[in-house]
Structures are given as structure tokens and as C-alpha cells.
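A.B. asks: predicted structure and sequence below. I'll ask about it afterward.
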Amino acid sequence: MNISVAVARGVNNATLEMLVSPVMTVAVPVIYLSVFVCSTPCNLLSLVALLNVHYKRHTPTSVFAINLSLADLLYSAFLPLQVLYHLWGNDWPWGAALCGLTTTALNCNMHCSVLTTCAIALERYCGVVRPLRTKHWRTARRATIACVLIWAFVLIIQTPLLRRDLTLRVVELNITTCFDVLPRKLFLHQSVAYLYFLVVLLMFYVLPLAVLVSCYVAVARGLHRSLPTAAEGSDGKREVLSRRRAQTTVALATLCFVVCYLPTITLHGLHLVFHAQGKSLYRYYKLALSINSLNCCFDPFVYYFASREFRLALRRLLGRCVPLGEGEELGTSELVSMTGEPRESKGHYEAVVDH
């Protein structure tokens, strides 16, 4: 965050310029508003469809997907306050308590979404690359425990912010900011602030991105190696098509995550470096953070392409406006998880992916 250097009347000129920048007062709220309008109905429908899928068959991936959809939905629910705040010139009129609650909710749900996405990537890796070795512990119950631990972890990380007043009155502009200009008293020392935000950068951006890309590269390789085997037998063409679709889904999920999060990772790190030198990239970091939120819009479409059951559940909710793949209308009795479960074929086990 942008920790201002106090001057005679409050904040420095660079901070004042940042607060009136069109990036902060136009671009950021427009992106947040677009995300809210798009992601809220999509994630609401996704949550209903995923609950329907989970009711029929409890799988670890369905648990993680429900948790991800819930995190995205809760994140979107707090965006209108951010839209109004930035449109009103970064002026927060609702008090310190609501500022702290909104900031904590947005950060918690965003970080929970990141960690849950990583959990899904790890589950897909285990289901496709190591299906037999990991089958005994890939259960819905353990996935639920993992989700609870994720929420507990992100709440603990937010504790230093939740217990402080995150608002600051900027007399020069006659506005009250919310978590955009932080008073020095928020942390014991400026070095503590840098350390805190560096830990956040590593724990919720750099490491998750590395885990996600590594897992999905391994999954893509595993699917590619299995194509010749899948082509054997009467169902060979269907298996090949299924695995190629899974490869496309893996590439899509990775691309969405990288496009949304890489700008935030880059600008977050650069902002910390520049701020230590008395400069600021905060407005561009905020812009990257708003682009980051586009991931909430992409997740439902990843569910759609990744899970046959999800498409069928949406078809039951919305009717024939939801397109299905070839033969899916007649295959409702076959339940397949989003990552696939090991199945026996020709005397041995092979990883199964979605249709």
C-alpha cells in the first residue's frame, strides 16, 4: 500500500497527485463495475450448478470449486462500495469500521480465491499424473478441511489490518481515504510495513503462480503422453477428444491466471522498490489490482469447459441455451469429476479426464 510521508499539512505532493489521477478515479472504478456486473450473476449460477454437482457426487474438486465460486461471489459483493469510493474521488464516507470490513473482505476473498485455485491445480495434478498413489487421500472430507484451513490462514494474515483504522483524512483534497494512504502509526516501523506487504506478495502471488504453472505444465505433459494409449479400443476417439479438451482447459486456466495476476505481481514488487526510493507506482498497482479481479469473471467459464457435469447442471437450470458436447444429452447417468478419477481399463488403471 502507499504509505505516505507526512508533511506540514498531511501528505506529500506525489500522494495528492495519485489520489486525483484518472487512473484512480475513472479506470479503476470502471473495471471494478464491469467485474461486478459480469461476475456476480455468473458466479451465482456457477455456485448453484456446483452445489447440484456436489449433491450427486462428492469429489474433492467439487468442494474446491464451490469454495472458489463462493470466494469470487463474496468478493464481487463488496465491489460496489469500491466503485463508489473511487468515483467520488477516493472519498470514503462510511466510517472506519466499514472501511476495515470491506478491505478485509476483499483481501480475504481474493487471497482465498488464489489459494483455492492452487488447491485445484494440485488436485488435478494428483488426479491425472499420480492417480493411484494419491487416491486414498483425495477425498471430499479432506478437501473441506483444506478449505477451512485456507480461510483461517488468510484471516490470520489480515489480522494486522483488521485491528487498525485504515482511513485517513486528507485535508488538502477534503477527502477521507480507505486503505490507499496509510498513516505511519499503522505499523511500528516502516520496515515492518515493507516486510508485511512483501510476505503478502510472496504468499499470495509469487508462490501460487509458481505452483499453478508447474502443476498445469505437468498435467498437460501427462495428458499428451496418454493420448496414444487412450486411442486404443472402441472408445479411443472419444478418449482422445476428451483429453485434448482437457489440455485446452488446462491451458485456458493457466493463461487466465497469468494474465490476471502477473501484472499485480510485477507492479506490487516494483511499487515496494520505488516507494523505498521516495517514488510511487501506486496508481498503476491499483490498476493492476483491478485487472486482477477479472479472474472472478473467467472462473465460471473454466468450470464450463472443464466439467461435463457442470454443463449438464447448467443445462437443467437454463434450458437449451446452454450448448453441450456431442452425446452429452444422453450421457447424464455417467458422472465424471472435473479432474477425473482413476478407472480400470483392460486390466490396468488410467487417468480419466472430463468429457
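C.D. replies: The structure has been received and is ready for your questions. The shown structure was predicted, so the numbers you read here are calculated from the model rather than taken from an experiment.
A.B. asks: show me the shaky parts of the stretch 101-250 of the chain.
C.D. replies: 184, 226-247, 249 (pLDDT under 70).
A.B. asks: for stretch 275-290, measure first residue to last.
C.D. replies: 20 Å (C-alpha to C-alpha, to the nearest Å).
A.B. asks: what does that stretch rub up against?
C.D. replies: Stretch 275-290 is contacted by residues 1-3, 5, 14-15, 18, 21, 23-24, 27-28, 31-32, 35, 180, 194, 263-264, 266-268, 270-271, 274 when judged by C-beta atoms under 8 Å, 6 or more residues apart in numbering. Where you see a C-beta, it was placed from the backbone N, CA and C, and this is true even at glycine.
A.B. asks: apply 7 Å and report the result again.
C.D. replies: 2, 14, 18, 21, 23-24, 27-28, 31-32, 263-264, 267-268, 270-271, 274 (C-beta atoms under 7 Å, 6 or more residues apart in numbering).
A.B. asks: and that stretch, average pLDDT?
C.D. replies: Computed over stretch 275-290, the mean pLDDT rounds to 87.
A.B. asks: could you list the buried residues of it?
C.D. replies: 275, 280, 281, 282, 283, 284, 285, 286, 287, 288, 289, 290 (16 or more other C-beta atoms under 10 Å).
A.B. asks: what about that stretch, distance to the chain center?
C.D. replies: Computed by C-alpha atoms, centre = their mean, to the nearest Å, the separation of stretch 275-290 from the middle of its chain amounts to 21 Å.
A.B. asks: which strand residues bridge the residue nearest to residue 95 when sequence neighbours are not counted?
C.D. replies: Excluding the flanking residues, the one nearest residue 95 by C-beta to C-beta, 6 or more residues apart in numbering is residue 167, at 7.6 Å. As for beta bridges, residue 167 partners with residue 178 under DSSP bridges.
A.B. asks: from residue 82, how far off is residue 279?
C.D. replies: For residue 279, the distance to residue 82 equals 25 Å [C-beta to C-beta, to the nearest Å].
A.B. asks: hang on, the earlier thing: just the buried ones from the contacts of stretch 275-290?
C.D. replies: Going by neighbour count (16+ other C-beta under 10 Å), the contacts of stretch 275-290 have 2, 14, 18, 21, 24, 27-28, 31-32, 263-264, 267-268, 271, 274 buried.
A.B. asks: by pLDDT, give me the weakest of the residues you listed.
C.D. replies: Among the buried ones among the contacts of stretch 275-290, residue 2 has the weakest pLDDT, 50.
A.B. asks: in the helix or strand hosting residue 76, what counts as buried?
C.D. replies: Per DSSP states H and E, residue 76 falls inside helix 60-77. Buried residues in helix 60-77, counted by 16+ other C-beta under 10 Å: 60-76.
A.B. asks: repeat for stretch 49-59
C.D. replies: Residues 49, 50, 52, 53, 54, 59 are the ones in stretch 49-59 that count as buried (16+ other C-beta under 10 Å).
A.B. asks: pLDDT, secondary structure and distance to residue 161 added to the residues you listed, as CSV?
C.D. replies: Listed next are the buried residues of stretch 49-59 as CSV, based on pLDDT from 0 to 100; DSSP: H, G, I helix; E, B strand; the rest coil; distance: C-beta to C-beta, whole Å:
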residue, pLDDT, secondary structure, distance to residue 161
49, 89, helix, 34
50, 89, helix, 30
52, 86, helix, 36
53, 83, helix, 35
54, 80, helix, 33
59, 84, coil, 35
